[in-house]
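J.: Quick check, what structure comes out for this input:
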Amino acid sequence: MNHAVNNTANHAGGAGDSAAASQLGRPLSRTDGRGKVTGAARYVAEIAVPGVAYGYIVSSSIARGRVSAIATEQALAVPGVAHVLTHLNRPTPAWFDRNYRDDDAPPGSPFRPLYDDIVRYSGQPVALVLADSFEAARQGAALVRVDYQRWRHGTNLDHQRGSAYAPGKTKAGFALPAPRGDFDAAFGAAAVQVEAEYRHAAQHHNPMEMHASTVIVEADGGLTIYDKTQGPLNSQNYVCKVFGLAPERVRVKSAFVGGAFGSGLRPQHQLFLAVMAALALQRPVKLALTRQQMFSFGHRPETVQRLALGAAADGTLLALRHEAIAETSRCEDYTENVVDVAGQMYRCANVAYAHRLVALDVHTPLDMRAPGGVSGCFALECAIDELAHALDMDPLELRLKNYTERDQNRDQPFSSKELRACFAQGAAHFGWNRRPRAPRTLQAGQQLVGWGMAAGIWGAHQLPAQARAVLGADGKLSVSSASADIGTGTVTVMTQIAAATLGLAAADVTFALGDSALPKAPLQGGSFTVASVGTAVQAACLKLARKLLRLARQVPRSPLSGALLEDVEFAGGAIYLKADAGRAVTLVEAMRHAGLASLEDSAKTLPSPKHLRYNRSTHSAVFVEVTVDRDLGTVRVTRVVSAVAGGRILNPKTARSQILGGVVWGIGMALMEHSATDHVLGRYMNHSLAEYHIPVHADIHDIEVIFVEEKDDIVNPLGAKGLGEIGIVGVAAAVANAIFHATGTRVRALPITPDKLL
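T.: Modelled structure (predicted):
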């Protein structure tokens, strides 16, 4: 049974304080929920277009080499097949790398589909078959014959570790912290030392909806594109640069996204190919990837980490070294903030960091839920647990012993940090004080029982964003921004923010997104959408509030004459005097008197300069119970308590869903997820959900979510922090630590499968 505890106070603010109290903080059901469960919501591959041509990709069967010959005659002979695009006959797109870079691109040369005869990774598109039906396109693709000249490939991180290098120019947002103190001296003098290597396999996103693009060539030559994306503007900009089109001639829509988890941050190759085909054929084209082809682009990179911790006999952390080696492609330097977690979470004077890359014959890795953070927390929090065991000290006590109130990497205070409260409330709900210190102590029949814990941290950022608000004379409000909703409940929360600001019922507000024609918004990722787009929505509605108050003051015998914004509140579709709630002017009345059919305003919001002076982060404490079959080595996660400090919780229902999803994925990362590579062939072997294991209902048991009270006046005007990532970052470590407590066996490589325990 899953349940949640919400200890977060609702901090009202803005034009409608009492309205905010009634709207924000409410567990409102998803406004788009009915459409999704009834099938009324249409996803990209479901867009019906007359005369559409269906595309099917022919994928390379080698990991490195070149296409020496490609025969398409048999494919073209299939009834219904209209065209086959290859590197030999494709239209000429842009030449320069800069045209292919998108808002989430790392440094390097982005992949260009069908650009030349070089094969850079297994599964790379080498041809696109277009036909009047999906079945004909698939049959034609099976008949395309490709001859290759094979080159020696390298996909094994261990074999290539000797070629690891420190990246020069890195992905935006990546920063290797500077070392401090003297690690070597402090570690050598430490009474207790722990050194260990931790690793996890590559992992693929595997959202429910496969990536797809539907491209329509309009009568004027412009394009309307339906694309699975986490940023319609990013896809639009990419298409315009690559194909030399003006922005006003390209419109990208993505109203519904069936999960993405980072896979939609960058435009994937089906978008490029669908646009190229539509322009070549001058007819609409629909291209959807198969589940197997979902393994043909970015993934969470395989990562190997080395931790060295030195402590005094009382548990004081004296020295810490965190090093990571991760894979990237041969064309781009993909980097993640893997090793910077320790300096934010624990007080230590002597710290050393290193992050190196190994170039392999794979597609460039891609941000995947909590990129870097979930990898770094896994290794760090397992090492902390190992240190606690070496000290014969309770793991929670060790964390509290070395608790820090400052980000030591940047020598900054936190805008808010309620991790102590997460520890306290999570431990109390879990019953941590009853945990025996020695491993292999708790048993239930044939099952060994273990209790483990871990802490988590994830950045809480705000990016520039814009929003537009239009109030009709009927009192209905329409708000819009070119953001996306990848399943997080963005539409619902934005509706609540707008409704709260103008004192309207949520049913009287509609929020539009997923359209490049709407006001600018950043990519949806990194848990910053509410902070970014939500702040813009609130600002646009506040502008309307000021206009409405001016109109209300002009109504004959207005009770609001002379009132200032701080003297009134917006509630129930009206503007009330705070000093006399019986005196009010309705929004409809104010607009009718002014003779207005609608009232509109927009806002652009930017991060506050004071953000630079603070570390802005969410925090969590995860407590886990596992059972391990003593004969079979099978692990079951029977109980999880996740206590989260995420600032102001705007909608406890959707917020809880985010944490639940993160916990489930953390369990999958700990016990199941593994993109297995056949290094002889250089390809992923388990490229289906039958073989790439993720948790199912039978794997998930009791999950309790606690939102601790946290007020933050610095992070953004709403006081809200993102929740998409913080739910996962500590889970895998907590599961691994619980397995050690159950069995006395320390497994340092994820996933922890039965063979590693037997």
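J.: Excluding sequence neighbours, find me the nearest residue to residue 657.
T.: Excluding its sequence neighbours, the residue lying closest to residue 657 (C-beta to C-beta, 6 or more residues apart in numbering) is residue 489, at 6.9 Å. Bear in mind the C-beta positions are built from the backbone N, C-alpha and C, glycine included.
J.: And the pLDDT at that neighbour?
T.: Residue 489 carries a pLDDT score of 94 in this model.
J.: Assess the claim that it and residue 30 are in contact.
T.: Yes - with contact defined as C-beta atoms under 8 Å, residue 489 counts as touching residue 30 (5.6 Å).
J.: Report the set of residues contacting both of the two.
T.: residue 654 (C-beta atoms under 8 Å, 6 or more residues apart in numbering).
J.: my guess is residue 657 is in a helix, correct?
T.: Yes - membership of residue 657 in a helix is supported by DSSP: H, G, I helix; E, B strand; the rest coil.
J.: For the strand or helix carrying residue 643, which helices and strands make contact with it?
T.: Residue 643 is part of strand 635-645, with elements assigned from DSSP states H and E. Judged by 3 or more C-beta pairs under 8 Å, 6 or more residues apart in numbering; DSSP states H and E, strand 635-645 is in contact with helix 419-430, strand 617-629, helix 652-671, strand 702-707, helix 731-743.
J.: Skipping adjacent residues, who's closest to residue 49 in space?
T.: Per C-beta to C-beta, 6+ apart, closest to residue 49 is residue 284, 4.5 Å.
J.: Contact partners for that neighbour?
T.: By C-beta under 8 Å, 6+ apart, the neighbours of residue 284 are 49-53, 214-217, 278.
J.: What of residue 598?
T.: 470-473, 591.
J.: give me the beta-bridge partners of it?
T.: residue 472 (DSSP bridges).
J.: May I have the phi/psi pair for residue 214?
T.: For residue 214, the backbone dihedrals (degrees, to the nearest 10) come out as phi -120, psi 120.
J.: what does the one 10 residues further on give?
T.: For residue 224, the backbone dihedrals are phi -110, psi 120 (criterion: degrees, to the nearest 10).
J.: how much space between residue 308 and residue 354?
T.: 11 Å (C-beta to C-beta, to the nearest Å).
J.: These two - which one has more neighbours?
T.: Neighbours were counted for residue 308 and for residue 354 using other C-beta atoms under 10 Å; residue 308 has more, 19 against 15.
J.: re the thing from before, out of the contacts of residue 284, who's nearest residue 722?
T.: residue 214 (30.2 Å; C-beta to C-beta).
J.: residues contacting the closest one?
T.: 44-45, 47, 49, 52, 225-227, 274, 284-287.
J.: and what of residue 581?
T.: Taking C-beta under 8 Å, 6+ apart, one finds nothing in contact with residue 581.
J.: Phi, psi for it please.
T.: phi -60, psi -10.
J.: Show the pLDDT at the residue nearest to residue 49.
T.: 98.
J.: Relative to residue 47, how far out is it?
T.: 9 Å.
J.: Stretch 199-218: which residues count as buried?
T.: 199-207, 209-217 (16 or more other C-beta atoms under 10 Å).
J.: Pull the number of nearby residues for the residue lying closest to residue 647 once chain neighbours are set aside.
T.: Among residues not flanking residue 647 along the chain, residue 721 sits closest, at 3.7 Å (C-beta to C-beta, 6+ apart). Neighbour count for residue 721, taken as other C-beta under 10 Å: 31.
J.: didn't residue 721 look like it was pressed against residue 529?
T.: No - counting by C-beta under 8 Å, residue 721 does not reach residue 529; the two are 11.5 Å apart.
J.: Just name the closest of the contacts of residue 214 to residue 715, please.
T.: For the contacts of residue 214, the nearest to residue 715 is residue 227 (31.3 Å; C-beta to C-beta).
J.: so what pLDDT did that closest one get?
T.: At residue 227, the pLDDT value in this model is 98.
J.: So what sits opposite it in the bridge?
T.: The residues that residue 227 bridges to, once DSSP bridges is applied, are residue 213.
J.: Tell me the spacing between it and residue 336.
T.: Relative to residue 336, and taking C-beta to C-beta, residue 227 is found at 25 Å.
J.: neighbour-wise, which of these two wins?
T.: residue 227 (30 against 27).
J.: which residues does that one contact?
T.: 44, 212-214, 235, 252-254, 267, 271.
J.: Cross those residues against helices and list the overlap.
T.: 235, 271 (DSSP state H).
J.: coming back round to it: check which residues of the strand holding residue 643 are buried.
T.: Applying 16+ other C-beta under 10 Å to strand 635-645 flags 635-637, 639-645 as buried.
J.: Name the strands paired with that strand and say parallel or antiparallel.
T.: strand 617-629 (antiparallel), strand 702-707 (parallel).
J.: Among these, pick out the one with the most neighbours on average.
T.: Among those, ranked by average contacts under mean count of other C-beta atoms under 10 Å, first place goes to strand 617-629 (a mean of 28).
J.: Buried residues in stretch 679-688, which are they?
T.: Neighbour count says stretch 679-688 has 682-684, 686-687 buried, by 16+ other C-beta under 10 Å.
J.: Now restrict the contacts of residue 214 to buried residues only.
T.: For those, buried by 16+ other C-beta under 10 Å: 44-45, 47, 52, 225-227, 274, 284-287.
J.: got a list of what residue 242 touches?
T.: 93-94, 99-100, 272, 275.
J.: which residues does the nearest residue to residue 249 once chain neighbours are set aside contact?
T.: Computed as C-beta to C-beta, 6+ apart, the closest residue to residue 249 that is not its neighbour in sequence is residue 222, at 4.0 Å. Residues near residue 222 by C-beta under 8 Å, 6+ apart: 248-251.
J.: Would you show me how to pick out the buried ones of the residues you listed in ChimeraX?
T.: Selection of buried members from these for ChimeraX, criterion 16+ other C-beta under 10 Å:
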select :250,251
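J.: Make JSON lines from the contacts of residue 222 and add pLDDT and secondary structure to it.
T.: Putting the contacts of residue 222 into JSON lines (pLDDT from 0 to 100; DSSP: H, G, I helix; E, B strand; the rest coil) gives the following:
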{"residue": "248", "pLDDT": "97", "secondary structure": "helix"}
{"residue": "249", "pLDDT": "97", "secondary structure": "helix"}
{"residue": "250", "pLDDT": "98", "secondary structure": "strand"}
{"residue": "251", "pLDDT": "98", "secondary structure": "strand"}
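J.: Among the contacts of residue 222, which one sits closest to residue 604?
T.: Nearest member of those to residue 604, counting by C-beta to C-beta, is residue 248, at 20.0 Å.
J.: where does the residue lying closest to the closest one once chain neighbours are set aside land on pLDDT?
T.: Leaving aside its chain neighbours, residue 248 sits nearest to residue 222 (7.7 Å; criterion: C-beta to C-beta, 6+ apart). pLDDT, residue 222: 96.
J.: ok, now residue 13?
T.: 37.
J.: Looks like residue 393 contacts residue 316 (just checking).
T.: No - between residue 393 and residue 316 there is no contact under C-beta under 8 Å: 11.0 Å.
J.: Mind listing the shared neighbours of the two?
T.: The contact lists of residue 393 and residue 316 share residue 401, where a contact means C-beta under 8 Å, 6+ apart.
J.: Poorly predicted segments of the stretch 201-350 of the chain, please.
T.: Nowhere does the stretch 201-350 of the chain drop to pLDDT under 70.
J.: Do you have the helices of the stretch 301-450 of the chain handy? List them.
T.: 341-345, 373-391, 395-401, 419-430 (DSSP state H, counting those that start in this stretch).
J.: Distance check, the closest residue to residue 694 other than its chain neighbours against residue 369.
T.: Closest residue to residue 694 apart from its sequence neighbours, by C-beta to C-beta, 6+ apart: residue 668 at 4.9 Å. According to C-beta to C-beta, residue 668 and residue 369 sit 11 Å apart.
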